[in-house]
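A.B. asks: Could you look at this predicted model? Sequence included:
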Amino acid sequence: MQLGYVYKLKPNSQQEATMMQWLDMLMAQYNYLLRDRNDSYEQVRSPKMGNYCDLRSHGQACPLTCSVSKSSSLGYPWKKSQKNPRRSPYEIQSSTLPILKKQRPWYKKIHSTVLQQMLRQLDVAFSKFFKGEARYPKPKRRSRYRSFKYAPGQVKLDNNRIYLPGIGWMGFYNSRPIPDGFAIKSVTVRKKSRGWFVSIQIEDKSVPLPPVKTVNEIRPNHVKGCDLGIRKLVSTSDGQTIANPANTNKFKCQARRLKLRQRAASRKKKGSNNRKKSFGRVASLHEKLANKRSAYHWEVAKQLTDGTDALVFEDLNIKGMKSRCKPKPNESGGYDRNGQSAKRGLNRVIADAAWGELVRKVEVVAAKSGIPVIKVNPRHTSQECPKCHYISADNRDGEKFVCTECGYHDDADLNGGVNIRNRGLKQLGIDPIQLPSERGKVTPMEITT
Ligand SMILES: [Zn+2]
């Protein structure tokens, strides 16, 4: 079982200066090696060679399978052994480190595993791009390059002190002790606007995660369908609703303060110290809000997993696509405004991010008790009748759901959750739960009068 614990560090001024120096040097080397791999990549995709490739789509026509394009032009590309003689780009770039330390001796100050981890980070960025999971890696700016990482087995802990090789012993706020039997894996030091933090990955192989529940172990009436919304953060198929803190006055107040601080910061003279300080205050408030939201999400995740056998969520990738407005072509060949920019406003972006964050946390909590988390297509979950499966926009009447076909009615929020749960059950191969018969008896006329 792997866990991540985060602590705040108490560096002295000299240690802080060292860490700042490291970050600067690491960023310079990261960007240099990125350019190197960039050059190798450009060589192959240039039109001179007869190949053209669009960086954004990196589609079929691109000879990405060619080993040169994924590689590096520095270092020694060949291994000594004859078996698989070509080195990987990571290995090639790794072989340049001794040369670097000779040419620029100040790089010797950085702990060797920290330098190695920087190379790994670059390698991961590229392999993600070649797999089509991420965009082409970009050079990092100083404001974006804020962390460095130690390989497992380097960092030591002693009560309220931590030993970071190359920097020394440092105090930290031991806000929660590491449980017995856990070994420290990788350690990342991160600069944030509220100070320096260390996140420690700990692992205990003796505590395996419980096995995920099988279909036979899942009781259909203990399966929860979770409808994610803006007004209510979650409404479940068993009638539970969880408020969205973004709707409370307190949050709105803080959001307003954030806006004011941002405005004040952007009015400051560019490049001035005051501007820097002012944006520091903006970042600090951002972090504070993010921490609060995170704590709330863990609470919600615990509540949702409590006493359930399986959880069903909407697939957020599809949900995001669904909520996109249709393009409106006009006669002159262009496009009219379709309200997309208004719809995808700030609130929307925040909601999207918050949903993803929440689902990820639920998955972590659920895994600890072996509860499967199922994702289903969110199409028409708010418009479908769970009884006769008739889909119509007319079925929804504000807060109420009334089927215009068979007269089944229910709370609209609850209905979304029920539909999501039924889709999840179907995906698991379990028969859906019979709805209580008295619910369907009322005709829509009786409700409206
Ligand atoms: Zn119906």
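C.D. replies: It's in.

A.B. asks: and whichever residue of the stretch 1-150 of the chain sits closest to the ion, how many neighbours?
C.D. replies: The nearest approach of the stretch 1-150 of the chain to the ion comes at residue 133, 41.2 Å away (Cβ to the ion). Any C-beta I mention is one placed from the backbone N, CA and C, and that applies to glycine too. Residue neighbour count, defined by other Cβ atoms under 10 Å, stands at 8 for residue 133.

A.B. asks: which parts of this protein sit against the ion?
C.D. replies: Within the chain, the residues that sit near the ion (Cβ under 5 Å from the ion) are 385, 387-388, 390, 403, 405-406, 408.

A.B. asks: measure the closest residue to the ion within the stretch 201-350 of the chain to residue 297 for me?
C.D. replies: Nearest residue of the stretch 201-350 of the chain to the ion (Cβ to the ion) works out as residue 237 at 16.9 Å. Distance of residue 237 to residue 297, computed by Cβ to Cβ, to the nearest Å: 20 Å.

A.B. asks: Looking at the two, which one has more neighbours?
C.D. replies: residue 237 (24 against 21).

A.B. asks: Now do the more buried one, the pLDDT please.
C.D. replies: As predicted, residue 237 sits at a pLDDT of 91.

A.B. asks: pretty sure it contacts residue 414?
C.D. replies: Yes - with contacts counted by Cβ atoms under 8 Å, residue 237 reaches residue 414, the gap being 7.0 Å.

A.B. asks: looking at it, residue 175 is touching residue 9, isn't it?
C.D. replies: No - assessed by Cβ under 8 Å, residue 175 is found out of contact with residue 9, at 11.8 Å.

A.B. asks: In terms of neighbours, single out the busier of those two.
C.D. replies: residue 9 (21 against 9).

A.B. asks: Excluding chain neighbours, give the residue nearest to that one in space.
C.D. replies: residue 196 (4.3 Å; Cβ to Cβ, 6 or more residues apart in numbering).

A.B. asks: Quick check: bridge partners of that neighbour?
C.D. replies: residue 191 (DSSP bridges).

A.B. asks: In which helix or strand does residue 387 reside?
C.D. replies: Using DSSP states H and E, residue 387 maps to neither a helix nor a strand.

A.B. asks: Grab the nearest non-local neighbour of it.
C.D. replies: Of all residues not flanking residue 387 in the chain, residue 408 sits nearest, at 4.2 Å (Cβ to Cβ, 6+ apart).

A.B. asks: for the one you found, phi and psi?
C.D. replies: For residue 408, the backbone dihedrals (degrees, to the nearest 10) come out as phi -60, psi 140.

A.B. asks: what does residue 152 give?
C.D. replies: The phi/psi pair for residue 152 (degrees, to the nearest 10) is phi -60, psi 150.

A.B. asks: Contacts only, for the residue lying closest to residue 153 once chain neighbours are set aside.
C.D. replies: Spatial nearest neighbour of residue 153, excluding adjacent residues (Cβ to Cβ, 6+ apart): residue 184 at 7.7 Å. Counting by Cβ atoms under 8 Å, 6 or more residues apart in numbering, residue 184 makes contact with 152-153, 155, 157, 178, 200-202.

A.B. asks: which of the residues you listed lies closest to the ion?
C.D. replies: Nearest to the ion among these: residue 201, at 50.4 Å, using Cβ to the ion.

A.B. asks: Could you count how many residues lie near the closest one?
C.D. replies: Neighbours of residue 201 (other Cβ under 10 Å): 17.

A.B. asks: follow-up on the earlier one: quick one: which of the residues of the chain next to the ion has the most company?
C.D. replies: Counting neighbours by other Cβ under 10 Å, residue 403 leads the residues of the chain next to the ion with 25 neighbours.

A.B. asks: Could you verify my assumption that it touches residue 412?
C.D. replies: No - look at residue 403 against residue 412 with Cβ under 8 Å: they stay out of range, at 11.8 Å.

A.B. asks: picking that back up, and the residues of the chain next to the ion, which is closest to residue 213?
C.D. replies: Of all the residues of the chain next to the ion, residue 387 has the smallest distance to residue 213: 27.9 Å, by Cβ to Cβ.

A.B. asks: wait, isn't that closest one in contact with residue 402?
C.D. replies: No - in terms of Cβ under 8 Å, residue 387 does not count as a neighbour of residue 402; the distance is 11.6 Å.

A.B. asks: what residues are shared contacts of those two?
C.D. replies: Both residue 387 and residue 402 are in contact with residue 408, where contact means Cβ under 8 Å, 6+ apart.

A.B. asks: Show me the beta-bridge partners of residue 410.
C.D. replies: Going by DSSP bridges, residue 410 forms beta bridges with residue 401.

A.B. asks: Likewise for residue 397?
C.D. replies: residue 400.
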